[in-house]
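Q: Need a 3D model of the sequence below.
(one chain, ligands or ions: 1)
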Amino acid sequence: MTRIPVPLTQFVVKMHSRCDLACDHCYVYEHADSSWRSRPKVIGDGILAKAAERIGEHAVAHRLSTVRVVLHGGEPLLAGPGRLRRAAEALRSALPPECALDLRIHTNGVLLSRAFCALFAELDVKVGISLDGDRAANDRHRRFADGRSSHPQVLRAVGLLNEPEYRHLFAGLLCTVDIENDPVAVYRALAELRPPAVDFLLPHATWEAPPKRLPAGGEAPYADWLLTVHGLWEADGRPFAVRTFESVHRTLRGLSSLTESLGLEPSDLAVLETDGTFEQADSLKTAYDGAPVTGMNVFAHSLDDLARHPGIAARQSGLAGLSAACRACPVVRSCGGGLYAHRYRVDTGFDNPSVYCGDLMTLINGIAGEGGSAAAPAAEPAAEPAAAPARGGEALLPAALAPAQLDELARGYGSAATVAALGNSQLALTRAMLAAAWDASGQGRAEAWELLSELDGAAAPAVDAVLAHPYARAWAARRLAGDLAVGLGPLAALAAAAAVRAGRGDAVAVPVRGGWLHLPTLGRVAVPDGEAVVTGRADGFEVRAADGSVRTALDQPLRRVRLAGGWTVALEDLDPLRDSHDHPVAERLPEPELLSWTGALREAWELLGRDLPGYAEGIRAGLGTVTPLRPGPAGRDVSSAARQAYGAVGIARPATAPTLALLLAHEFQHVKLGAVLDLHDLYDRADDRLYFAPWRPDPRPLEGLLQGTYAHLAVTEYWGTRTVAYDGLAGEAAERARAQFGLWRRYTAEAVERLAGSGALTGLGARFAEGMRESVEPWLAVPLPAAAERDAERARRERDERSHLRSVEA
Ligand code: SF4
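A: Okay, here's the model as predicted:
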């Protein structure tokens, strides 16, 4: 089946093709592929420049917000500081300003010096180090050619990276599992080095060259080894990230995997060799001589050419690309058939389960049995390919968002670039969910899907615009949750809208119900029920209805409000799937109501720029849609964000523009945090305790407390800014601002402490809570008149009493 191709966002650049160690488990020199023998030792500057140009043009064409490049080898430090500098500078200067470069180097650490660290600090290059555990474990394989241990040099390198000056460069450790090593000793030795992340990698093997087994090693020795480490890691409170474990936990809950070696996410990785040839993932070197070859090179082929290569496409086809045994396997959504290379067998190629099949199944079931599957079954068997941090298996280390981006978001804010990165990850998640829902539909080839896939290559901006629509994912989410009544029509409507935007003359049939043909992001056309054929043309579109009539214009266009600064937000009152918020949506707005919304939004945006400038930039970068909701009971303010509708907030138009500003800021916090939670585990999802938020009478799961706290960071700042602006002034508005500020700063600070003390946050979650604390603490120091403190205390007591009454009544 043709799939929507995934742009390549991760690149391994081979800086040097030789190594100063002679590790006997190395896939480059010790496995089936021998291509390294004929390659230049060092990559040339001309190749680097061309590669940077290719990556830059790919980033522009696909509007990528981040690309990750790993400087790799052999041993990349052998390329020397001058060439590493030129590589970093070429890459940075080739990327468009809106695309961030996540640049890393993966080294054995032997040559890492203070001078290299200073260079990497200057060039912002993160460093990952290979280390297999304690000295005995590391010495088993990672030795110099003369047999000497490399352990002391590697510890020295890690020591350098742990110095305060360079700690921010430390990306993590990569540890290849050997079942002869003591898992407890390996774990303790690695944990002692305080790495931010550790990747535990299964040694490369195939059905032709199976992994080592020990005579008394049990049925699944690699699983047993990893489960021992997993138990220690859990008992220690997950002190660092471990992609393998986190991926199992995530996929058991229906979220994406963080590594190419597990799960069903499409691969988006390419490798550039020192001679300028493009290859597929390095791990394929283990299969057979020449397995990673693509026949393409950086001078003759673009990255779009490479993305279409059948070998790469094969690693992007999810469930459909797996063997029959894997497709029928109960843990396939977590396992994904394991690493592609590990499936190889001479007679059947890659159409097999992993050679680690039994270990993978035992590992996944073992983690699930320890509580990993306690959460609800998957609503989203989903992935966020563009942002999933490290497809590329062994070569890469995690971080879907860069730490600085996550810290920025933790404080409540989010620059345009950071929010764009969230949007990009959500777009990829939508693609993956659409593909998964389509796979699950069992439809095989079909016109709408084929067209969407074709346009994704030929008219990517048109498809991106349609898939970035907040409710594009709603169809997939409902299908994957088992709601088959939603049918396949919405997918055809997405394809039709993309065809209209592309304007190439493509046609697609769309089922019509209720007398309206809806074209997402555009509007709707009144036509009789039946099947209408939509044709996108350079000068517009044509809809041929079931009765033969032809329409060439929208009867009800989607309306957008232009705001100060030249950006627009859609008022979505048409999409049949916009009913994704937990409150009824308003019908098509009549003109007077449209005018009221327009005025209120313009005023609210000006207020946001004035009172919440630190939040406004992110709102402008990420808020594309406001969906009008029906008014709440007795004029109560109603607003809602939906996890499956990134970029949209649902709001019943409140009485005043300041309230609208506050609701927009509040709800967009939920939008941002939802996208963060799709990328990172901030808390233990198996934690089923309920927590009281200071502002609510009913206890909620931890995520509810987290979401509320995050939203109230913006609320606190809003009232804080108003309070400062009213300093020394009297009047009702000033008094209200002070009372609200006094109330919300206290509530928010209390909630942060409740989160931090929950014992349910991951290491990353604790860091996130610390960012929230840093944001709210300065507000606690702002002096308030005694009367305002009394008002805040009274408001708090009233709330508490109402809460108490409600809980007694309950
Ligand atoms: S456990 Fe085995 S059969 Fe199941 S998906 Fe993984 S490799 Fe395939």
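Q: Could you pull out the helices in the stretch 251-400 of the chain for me?
A: Listed from the start of the chain, the stretch 251-400 of the chain has helices (DSSP state H, counting those that start in this stretch) covering 303-307, 310-314, 324-327, 332-335, 357-367.
Q: where among the ones you listed is the average confidence lowest?
A: If the helices of the stretch 251-400 of the chain are sorted by mean pLDDT, helix 310-314 sits at the bottom with a mean of 75.
Q: Show me what counts as buried in that helix.
A: Of the residues in helix 310-314, those scored as buried under the neighbour-count criterion (16 or more other C-beta atoms under 10 Å) are 311-313. C-beta: built from backbone N, CA, C; applies to glycine.
Q: helices and strands around that helix, which ones?
A: Using 3 or more C-beta pairs under 8 Å, 6 or more residues apart in numbering; DSSP states H and E as the contact criterion, no secondary-structure element is in contact with helix 310-314.
Q: just for the stretch 1-150 of the chain, where's the confidence low?
A: For the stretch 1-150 of the chain, applying pLDDT under 70 flags the ranges 1-6, 25-38.
Q: Could I get the full set of helices for it?
A: Listed in chain order (using DSSP H, counting those that start in this stretch), the helices of the stretch 1-150 of the chain are 45-61, 80-94, 114-123, 135-141.
Q: Arg63: neighbouring residues, count only.
A: Using other C-beta atoms under 10 Å, Arg63 has 18 neighbouring residues.
Q: what does the protein put close to the ligand?
A: By the criterion of C-beta under 6 Å from any ligand atom, the positions of the chain lying close to the ligand are 325-326, 329, 331-332, 335, 337-338, 353-354, 357, 360-361.
Q: Of the residues you listed, just say which sits nearest to Asp304.
A: Closest approach to Asp304 among the residues of the chain next to the ligand (C-beta to C-beta): Gly337, at 26.7 Å.
Q: Please tell me I have it right and that closest one contacts Arg343.
A: Yes. Here Gly337 reaches Arg343: they are 6.0 Å apart, a contact under C-beta atoms under 8 Å.
Q: Common neighbours of these two, please.
A: The overlap between the contact sets of Gly337 and Arg343 (C-beta atoms under 8 Å, 6 or more residues apart in numbering) consists of 323, 353-354.
Q: Got phi/psi on the residue of the stretch 501-650 of the chain found nearest the ligand?
A: Using C-beta to the nearest ligand atom, the single residue of the stretch 501-650 of the chain nearest to the ligand is Gln644, 26.7 Å away. Reported as degrees, to the nearest 10, the phi and psi values for Gln644 are phi -90, psi 10.
Q: Could you check how many residues crowd around it?
A: Other residues lying near Gln644 total 25 when counted by other C-beta under 10 Å.
Q: Now do the contacts for it.
A: For Gln644, the set of contacting residues under the criterion of C-beta under 8 Å, 6+ apart consists of 380, 473-474, 477, 580.
Q: Out of those residues, flag the one nearest to Asp684.
A: Relative to Asp684, and with distances defined as C-beta to C-beta, the nearest of these is Glu380, at 19.0 Å.
Q: picking up where we left off before, run a quick neighbour tally on the nearest residue to the residue of the stretch 501-650 of the chain closest to the ligand once chain neighbours are set aside.
A: With C-beta to C-beta, 6 or more residues apart in numbering as the criterion, Gln644 has its nearest non-adjacent residue at 4.4 Å, and that residue is Ala477. Applying other C-beta under 10 Å, we find 24 residues neighbouring Ala477.
Q: Ser283 too?
A: A count of nearby residues for Ser283, using other C-beta under 10 Å, gives 23.
Q: That one contacts Gly338, correct?
A: No. Applying C-beta under 8 Å, one finds Ser283 not in contact with Gly338, separated by 10.6 Å.
Q: Adding pLDDT and neighbour count, write the shared contacts of Gly337 and Arg343 out as TSV.
A: Supplementary listing: these in TSV, determined by pLDDT from 0 to 100; neighbours: other C-beta atoms under 10 Å:
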residue	pLDDT	neighbour count
Ser323	86	17
Pro353	92	23
Ser354	93	26
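Q: Take these and lay them out in TSV including distance to Thr251.
A: Compiled in TSV, these are given as follows (distance: C-beta to C-beta, whole Å):
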residue	distance to Thr251
Ser323	18
Pro353	17
Ser354	15
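Q: closest to Cys117 among those residues?
A: Nearest to Cys117 among the shared contacts of Gly337 and Arg343: Ser354, at 37.8 Å, using C-beta to C-beta.
Q: Pretty sure that closest one sits against Cys335.
A: Yes. Counting by C-beta under 8 Å, Ser354 does reach Cys335; the two are 7.5 Å apart.
Q: any shared contact partners between the two?
A: Residues touching both Ser354 and Cys335 comprise Leu360, with contact defined as C-beta under 8 Å, 6+ apart.
Q: circling back: if you rank the residues of the chain next to the ligand by neighbours, which is first?
A: Leu360 (29 neighbours).
Q: For the contacts of Gln644, work out which two are farthest apart.
A: Longest distance between any two of those is 13.2 Å, between Glu380 and Ser580; criterion C-beta to C-beta.
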